[in-house]
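A.B. asks: sequence-free structure coming up:
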């Protein structure tokens, strides 16, 4: 038996999404910035963790029926209603917290 002489790189599997309770996105800029939270229905907004943002930042909450995150690709997907198709977003350019 011998080890392979080539290194193999394994790309993140774009189909592996894990269920989460919430995801918060913060994008601060010189004009203030914005924060968006996607929250599972029934999850308290009091326990959410956001990245720091200036007082001028706007904050929006989106209540969803289903929420999943892919750590390898920084993509998340959600359904507003259980019968809906998944909508996909990316947290690549945002400071992200999730649980």
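C.D. replies: It's in. These numbers come from a predicted model, not from an experiment.

A.B. asks: C-alpha from now on. contacts and neighbour counts both.
C.D. replies: OK.

A.B. asks: can you list the low-confidence ranges for this structure?
C.D. replies: Counting by pLDDT under 70, the chain shows low-confidence ranges at 1-14, 30-31.

A.B. asks: what's opposite residue 36 in the beta bridge?
C.D. replies: Beta-bridge partners for residue 36, by DSSP bridges, are residue 25, residue 60.

A.B. asks: skipping adjacent residues, who's closest to residue 98 in space?
C.D. replies: residue 23 (4.2 Å; Cα to Cα, 6 or more residues apart in numbering).

A.B. asks: please give me every residue in contact with that neighbour.
C.D. replies: Residue 23 is in contact with 37-39, 96-99, counting by Cα atoms under 8 Å, 6 or more residues apart in numbering.

A.B. asks: quick one: distance of the helix or strand harbouring it to the chain centre.
C.D. replies: Using DSSP states H and E, residue 23 sits in strand 22-29. Centre-to-centre, strand 22-29 and its host chain are 9 Å apart (Cα atoms, centre = their mean, to the nearest Å).

A.B. asks: against residue 32, how distant is residue 88?
C.D. replies: As judged by Cα to Cα, to the nearest Å, residue 88 and residue 32 stand 25 Å apart.

A.B. asks: stretch 57-70 spans what distance, first to last residue?
C.D. replies: Start-to-end span of stretch 57-70 (Cα to Cα) is 26 Å.
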